[in-house]
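Student: Structure of the sequence below:
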Amino acid sequence: MSKRNVILLVALVAFGLIITGVVGYGQLQPGEKVRNLDTGEQFSTIQEAVEDGDTKFGHTLLVGFDVFEEKVHVTKDGLVVLGEDPSNRPIIRLETVKPEDGSEESFNDVTSLAYAIHLVSTGSTVKHFFADEVTSEAIADASSVGVDNATAESAAAGIYLDGSDDNNASHNYLSYIDIGPVTSYAEAITKDGDAEATAEAFGILLQNANDNILQHIGMGDVTSKAETERTTDGTATESAFSYGILLQNSNRNALKYIDVGHASATTKSIVTGTSTEITYMDYMGVELENSSYNSFWYNVVKKGEGIVIDADSSGNTLYFNSFDNIIGLNYLGDLGDENLRATLNWWGSSDGPNVDRDTEESAPYDYEGGGSLVSGPAFFSPWLGANPDSDPSEPGVQPISPLPIIVKRVGPEPTTENGNTGWLDMAIWGAGELPVVGQVIVPHGSWVVKEPMGNKVELISVEGSTCRTTLKDLEGSEITITDDNVAIGKLDGFTPRGFIIEDEVIVESGVDASTVHLHWNDIRNTINNDGSGTLDAEFNWWGDLDPSDDFEGDVDYRPFLPEEVCKFTDYMAKKDISDPRAAIASFMLEGTTCSNKLPAMMIRQYHLKPRKAEEIVDEYGCDDVRLAMKEAGDSYTSFMGELS
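Tutor: Numbers count the residues shown, from 1 in each chain. This is a model prediction of the structure:
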């Protein structure tokens, strides 16, 4: 967990607002709708309970299952508004129509607002609710009242954190909330003047709202529609805006485990005279405007949606999200001003995103992946190598395990939250942040590891690359394991997926070393176990047949490989021995320190140069060479004939 989110949680705990259940808070009696658990008072509506004079900072309002045709409007600081039963949540069904249904009045200037959960408070908690339907409708009809102009404004939101004017929407905690369809409709009708209709719809809207946590939130479709009707000269203006999530002037918020709903907007104009028509329309899955240092983690943005982040928004992190076949991520920042951290995401392809910034200067940063489009100076590598969501029925990403993380040297080089710069370091940091095993897959080449390896990190090379993937030793660098459950290298069938480890490996004090596994590596430096328990370091090649001087501390290095990793796995494949212990036994029973003794025998018997003898053993293997020598005797020509 990042330092930023720790601070948020500490602040909420200080308020006493992180509620994990209703144990100790009592239960509602049959027929009760809302009870203040601190005063014992009962209420028939949520708003009545919030506004009651006896409801104070820190009080808990327990809400039973019912249909409430009202909004949850938290106007007091430090309240806890809690649905009693997480599996049977209270339903908020909010429909605001202006003029109201059945009214005979006609209005030329109409505003309709429908906000299902509306907070203008500090340090409040809202948990376990279902905003079933959120509908706002505004109809301004000036055609029969002798007024020239008609203006209709409609806005609807599932969740609205409102820090505008004198409000202070900060340090609030909202979780386990489902939002049904959000619909906003505006219609303006006139004969002789201007008609203006504005419809806005939001799944989640934050305005001037800081340091809030929103998580485990489901969301339905978000729809806006604006219509105008005119019969004479004038101007008809339709504006329709829909956003799954919109942040405006809002900073340091954490939005996690959210399904972002499908956003759509439409406009329509009926003109029978010679009017001027102006149309404004925008719909987006996620948009950030002048909003910085927000965390957007473990969210699902549905196919066909887009993400826009303006140039005034900096320091935002987008990690562990599913951006499968979205329209694209568009960061409007300037080249060289890489302030958007969008690594560790799934882009719909194991090849990563398609990055195209449409300028010559940006060409070195462009990358042709098979996934969704990324535009603008964003960090995007490393990325997730598979769809990370194990349970689409739950909001947000429920990570699969292991979750593959693909390392590639493309795009701007990222820096971890610990200050280490590098594509591999970023992948290791991300794997350590996951609640599941993060499997970091490293391509061929030489790499330096500076980032400490934390809980559930698995570091493996791409297939077949133990002999071609090196963890280098640079001055001041070391591979440090700081937590339990870390693995470096493994065997995949007959394919080794470890490393040439030239750097020192240190297991720090406090680590349960028995949960740390180093397998199928070519170890060329020392291993230091300062942790408790025995470090599992079986099946490695240590450079010779006596590894006892290559480590310090309690290390289980037996069985160790009798020759280099790739040569030994070739032997296993040739002999079709899948059990490495059996393969080692077979290898040793053949008298094989083969890589040393057999070439020496060939040099004496056939007067070969050492390199030539070693090449023949490498090419044909110990068994075939030994058999050919037995059949051919002292004749080199017969010997080569036997091999061929």
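
Student: Kindly tell me how buried residue 44 is, as a neighbour count.
Tutor: Other residues near residue 44 come to 12 when the count uses other Cβ atoms under 10 Å. (C-beta placed from N, C-alpha, C; glycine too.)

Student: Residue 100: how many residues sit nearby?
Tutor: The burial count for residue 100: 10, using other Cβ under 10 Å.

Student: I meant to write residue 236 there.
Tutor: Residues near residue 236, counting by other Cβ under 10 Å, number 25.

Student: which residue sits closest to it, ignoring its sequence neighbours?
Tutor: Leaving aside its sequence neighbours, residue 236 sits nearest to residue 228 (Cβ to Cβ, 6 or more residues apart in numbering; 4.1 Å).

Student: So what are the sheet partners of the helix or strand hosting the one you found and their directions?
Tutor: Residue 228 is located in strand 222-230, with elements delineated by DSSP states H and E. Within its sheet, and counting by DSSP bridges, strand 222-230 is paired with strand 182-190 (parallel), strand 263-271 (parallel).

Student: Run through the stretch 201-350 of the chain and note the low-pLDDT ranges.
Tutor: Confidence mapping of the stretch 201-350 of the chain against pLDDT under 70 gives the ranges 231, 273-275, 334-338.

Student: where do the strands sit along it?
Tutor: For the stretch 201-350 of the chain, the strands defined by DSSP state E, counting those that start in this stretch cover 213-219, 222-230, 234-248, 254-260, 263-271, 275-289, 295-297, 300-301, 306-309, 317-319, 328-331, 340-341.

Student: ok and the fifth one relative to strand 213-219, angle-wise?
Tutor: Which is strand 263-271. Between strand 263-271 and strand 213-219, the angle formed by their directions is 60 degrees, by axes from the mean of the first three to the mean of the last three Cα atoms, to 10 degrees.

Student: quick one: contacts of strand 263-271?
Tutor: Residues outside strand 263-271 that contact it (Cβ atoms under 8 Å, 6 or more residues apart in numbering) are 199, 201, 203, 221-230, 236, 238-244, 275, 277, 279, 281-285, 305.

Student: Mind checking which of those residues are buried?
Tutor: In those, burial by neighbour count holds for 199, 201, 203, 221-230, 236, 238-244, 275, 281, 283-285, 305, counting by 16 or more other Cβ atoms under 10 Å.

Student: All the helices of the protein, residue numbers only.
Tutor: Secondary structure of the chain (DSSP state H): helices located at 3-15, 46-51, 423-433, 565-575, 580-589, 594-606, 610-620, 622-632, 636-643.

Student: angle of the last one against helix 610-620?
Tutor: In other words, helix 636-643. Using the same axes, to 10 degrees, the interaxial angle of helix 636-643 with respect to helix 610-620 works out to 20 degrees.

Student: What residues sit buried inside helix 636-643?
Tutor: Here helix 636-643 shows 639, 642, 643 as buried, counting by 16+ other Cβ under 10 Å.

Student: Stretch 50-63 - what's its average pLDDT?
Tutor: When the per-residue pLDDT values of stretch 50-63 are averaged, the result is 97.

Student: now do the same end-to-end measure for that stretch.
Tutor: Using Cα to Cα, to the nearest Å, the span of stretch 50-63 from its first residue to its last is 12 Å.

Student: quick one, what contacts residue 453?
Tutor: Contacts of residue 453 by Cβ under 8 Å, 6+ apart are 428, 432, 459, 479, 480, 481, 482, 483, 486, 488.

Student: Out of those, which sit inside strands?
Tutor: Per DSSP state E, strands hold the following members of the contacts of residue 453: 459, 479, 480, 481, 486, 488.

Student: if you count residues, which strand in the chain comes out on top?
Tutor: Scanning the chain for the longest strand, with DSSP E as the assignment, gives strand 125-141.

Student: Point out the other helices and strands that it packs with.
Tutor: strand 72-74, strand 80-83, strand 91-98, strand 109-119, strand 150-162, strand 173-179, strand 182-190, strand 195-207 (3 or more Cβ pairs under 8 Å, 6 or more residues apart in numbering; DSSP states H and E).

Student: neighbouring contacts of the first one?
Tutor: When you say that, I think you mean strand 72-74. Applying Cβ under 8 Å, 6+ apart, the external contacts of strand 72-74 come out as 46-47, 50, 81, 92, 115-121, 124, 126, 129, 172.

Student: measure residue 403 to residue 299 for me?
Tutor: According to Cβ to Cβ, to the nearest Å, residue 403 stands 15 Å off from residue 299.

Student: Fine by me, thanks again.
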